[in-house]
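>>> Just to be clear, the model below is a prediction. Sequence and coordinates:
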Amino acid sequence: MPSTKKQAKRAAPGRAPASVSIRMYNVGFGDCFLLTFHYSNEKRYMLVDFGSTSAPQGQPKDYMTRIAADIKAQCGSKLDMVVVTHRHRDHISGFATDGASPGATIAGLKPDYVIQPWT
């Protein structure tokens, strides 16, 4: 049976995006950036770091869960790449996948590539 779904054409290898958007999340003491690469026929999403060691003032306890949900909404439930710049807690703590954690939401976005630091 033929599929009725239309698949978006992938940008040609080596082709530069028309523009890039950077969304910076307030995670308190930590880092989290969602980059959107805008091509003529698609968008690609890259998450850089997802961690915090201290919540922003006045934020609810589930602020990282809310951020993970926003990342999911922004990228249409699909990440192309996750980049972890280094292994400090304020950059990686949100990636933990125990239970219904924010990291489980990020893992559910099934990134095609995960780039991790050596040290």
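Now that the structure is in, tell me what you want to look at. Owing to the predicted nature of the structure, the values given are computational and were not obtained by experimental measurement.
>>> packing partners for the lowest-mean-pLDDT helix or strand in the chain?
Lowest by mean pLDDT, DSSP states H and E among the helices and strands of the chain is helix 89-92, with a mean of 89. Judged by 3 or more C-beta pairs under 8 Å, 6 or more residues apart in numbering; DSSP states H and E, the packing partners of helix 89-92 are strand 43-50. Using the backbone N, CA and C atoms, a C-beta is placed for each residue, glycine as well.
>>> Can you point out the buried residues in whichever helix or strand comes after the strand it packs on?
Later in the chain than strand 43-50, the nearest helix or strand by DSSP states H and E is helix 63-74. By neighbour count on 16 or more other C-beta atoms under 10 Å, the buried set for helix 63-74 is Y63, M64, T65, I67, A68, I71, K72, Q74.
>>> so how far is R44 from D112?
The span separating D112 from R44 equals 9 Å under the rule C-beta to C-beta, to the nearest Å.
>>> which neighbours do those two share?
Both D112 and R44 are contacted by D80, M81, under the criterion C-beta atoms under 8 Å, 6 or more residues apart in numbering.
>>> and the two? which has more neighbours close in?
R44 (19 against 10; other C-beta atoms under 10 Å).
>>> quick one: that one and D80 touch, right?
Yes: between R44 and D80 there is a contact under C-beta atoms under 8 Å: 4.4 Å.
>>> Chain neighbours aside, what residue packs nearest to the residue nearest the centre of the chain?
In the chain, the centroid-proximal residue (C-alpha atoms, centre = their mean) is L47; its distance is 3.2 Å. Using C-beta to C-beta, 6 or more residues apart in numbering and skipping the chain neighbours, the partner closest in space to L47 is V82 (4.9 Å).
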